[in-house]
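**Student:** Just need the structure, nothing else, for what follows:
(one chain, ligands or ions: 2)
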Amino acid sequence: MRVERIALSGFRNYDEETVSFEPDVNVICGPNAQGKTNLLEAVYLLTGAHSFRTRFDKELIGFDCDWGSILADVEAEGRSQTIRLLFKRGQRRQVTVNSVKKPSSALAGLVTAVLFSPDDLYLIKEGAAARRRLMDNAISQLRPGYAALLSDYNKLYENKTRILKDWREKPSLLTTLDEFSDGLAKCSARMIRYRASFAERLAAAAGPIHRDFSGGKEELGVSYKTVSTVTDPRAPAEEIYAQVAEHQRLHRQAELDAGQCLTGVHKDDLEISINAMAARSFASQGQARTAALSLKLAEREICKAETGEYPVLLLDDVLSELDSARQEFVLNRIGGGQTLITCCEDEDISRRTGGKVFTVKEGRIR
Ligand code: ATP
Ligand code: MG
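**Tutor:** Ligands and ions are numbered 1, 2, ... in the order given. The predicted model follows:
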């Protein structure tokens, strides 16, 4: 998978700009606030996912523009394809692949990208939300059905939360509570199966990478934690559904008392361990960073195994945050696919990677 050319119109701080990328390493440099991350964001959006910076497409449109678009020639599934994303205020985004209108989900598995940002280095020590995001982003790109489920789940969750918050003032709201809970249990059951299977693959792929990274001294463990009544997250969906529904039934009163959703996959987590000790509590900063890098590199390997080609690797400002040994490890692992690296100074990185340098200034690329 690679992006050959991308043209931005009215996208973030890009008025009209076109750039052609190299098939291997591309170094995107320039001072702060010039449009480096915006360019990576545009590439990431080609995967059909939401932006890694906002849930709202309207924020992607240039401040003075009525609409914004991303037009890209990509090489995917062994051939050239043209993808266009159009963002209009107050409307859903429009997607075309080779000039044919498609739902956003049609891009899942076609265009894939793995993003690495400085925030990811805190993946291990942060709350569960960061690890759920890792699962959600990765699975959504590979499975169109998952992105749809996630969006259904979020809508049901918002509705149920509103009921739980407001039922005291408006008791009539309670008539629909169980219906929303049931919808959530159905979505949960299917999402649990996807997440369990992804976590298993992540564990298998990250283990050897981390062993390498730590010079054979550390074993990285990854295990999926979900609703406590679920006995086997890989069981058939009907079985999981019954167990999730049971958990909801047991917590119905507690949810009414607390005024919030206490049960469901929005509380899932990935438990990461290093040499069988919980990494979140016991890993040193360096160990936690190394483990986070192993997980992200594993995500790239899973994507390759799944689609047959490496995803585009987007490294946003991450190298400056790493010590030289970790930089070396990452740079030695990025071969085989296309990489876009942003940084404030270019020389060192372009020399070490042999990458082509692009300079971004005020939404123009040279
Ligand atoms: P840094 O090195 O600090 O990370 P950067 O080059 O990655 O900088 P970007 O995050 O790409 O910078 O942002 C560049 C500029 O784009 C910012 O100044 C921001 O205000 C501007 N910007 C963001 N969204 C929009 C928008 N919708 N329309 C116009 N400009 C925008
Ligand atoms: Mg940036």
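**Student:** Now do the same contact list for the residue nearest to Leu220 when sequence neighbours are not counted.
**Tutor:** For Leu220, ignoring the flanking residues on the chain, the nearest one in space by Cβ to Cβ, 6 or more residues apart in numbering is His210 at 3.8 Å. Yep, even glycine has a C-beta here, placed from its N, CA and C like the rest. If a contact means Cβ atoms under 8 Å, 6 or more residues apart in numbering, then His210 has 218-220, 290-291, 294 as its contacts.
**Student:** Of those residues, select the buried ones using a PyMOL command.
**Tutor:** In PyMOL, this line selects whichever of the contacts of His210 come out buried by 16 or more other Cβ atoms under 10 Å:
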select buried, resi 218+220+290+291+294
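**Student:** which two from the contacts of His210 end up farthest apart in space?
**Tutor:** Using Cβ to Cβ, the contacts of His210 reach their maximum pairwise distance at Glu219 and Thr290, which is 12.6 Å.
**Student:** burial of Leu134, as a residue count?
**Tutor:** Applying other Cβ atoms under 10 Å, we find 19 residues neighbouring Leu134.
**Student:** Can you name the helix or strand that the residue nearest to Leu220 falls in?
**Tutor:** helix 177-213 (DSSP states H and E).
**Student:** looking only at pLDDT, what's the mean for that helix?
**Tutor:** Helix 177-213 shows a mean pLDDT of 97 in the predicted model.
**Student:** So which bits of it are buried?
**Tutor:** Buried positions in helix 177-213, judged by neighbour count with 16+ other Cβ under 10 Å: 177, 180-181, 183-196, 198-199, 201-203, 205-207, 209-210, 213.
**Student:** Ok, stretch 308-319 next?
**Tutor:** The neighbour-count check on stretch 308-319 (16+ other Cβ under 10 Å) flags 309-319 as buried.
**Student:** got CSV for those residues, with secondary structure, pLDDT and distance to Gln243 too?
**Tutor:** Below are the buried residues of stretch 308-319 laid out as CSV (DSSP: H, G, I helix; E, B strand; the rest coil; pLDDT from 0 to 100; distance: Cβ to Cβ, whole Å):
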residue, secondary structure, pLDDT, distance to Gln243
Glu309, coil, 94, 38
Tyr310, coil, 96, 38
Pro311, coil, 96, 34
Val312, strand, 97, 39
Leu313, strand, 96, 38
Leu314, strand, 97, 38
Leu315, strand, 95, 40
Asp316, strand, 96, 40
Asp317, coil, 92, 43
Val318, coil, 90, 39
Leu319, helix, 87, 44
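**Student:** Which two of these have the greatest separation?
**Tutor:** Counting by Cβ to Cβ, the most remote pair of the buried residues of stretch 308-319 is Glu309 and Asp317, 25.4 Å apart.
**Student:** What about Leu262, how many residues nearby?
**Tutor:** Neighbourhood size, Leu262 [other Cβ under 10 Å]: 15.
**Student:** got a list of what it touches?
**Tutor:** Residues counted as contacts of Leu262 (Cβ under 8 Å, 6+ apart) are 251, 254-255.
**Student:** so which of these comes closest to ligand 1?
**Tutor:** Closest approach between the contacts of Leu262 and ligand 1, by Cβ to the nearest ligand atom: Glu255, at 38.1 Å.
**Student:** now, which of the contacts of Leu262 lie within helices?
**Tutor:** Using DSSP state H, 254-255 are the members of these that sit in helices.
**Student:** PyMOL command to pick out the buried ones of the contacts of Leu262?
**Tutor:** A single PyMOL command selects the buried members of the contacts of Leu262 (16+ other Cβ under 10 Å):
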select buried, resi 251+255
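**Student:** of all the contacts of Leu262, which comes closest to ligand 2?
**Tutor:** For the contacts of Leu262, the closest approach to ligand 2 (Cβ to the ion) belongs to Glu255, at 40.1 Å.
**Student:** one step back: contacting ligand 1 as well, which ones from the contacts of Leu262?
**Tutor:** Among the contacts of Leu262, none lies close to ligand 1 by the criterion of Cβ under 6 Å from any ligand atom.
**Student:** where along the stretch 201-350 of the chain do the helices fall?
**Tutor:** 237-250, 252-258, 279-282, 285-307, 324-333, 347-353 (DSSP state H, counting those that start in this stretch).
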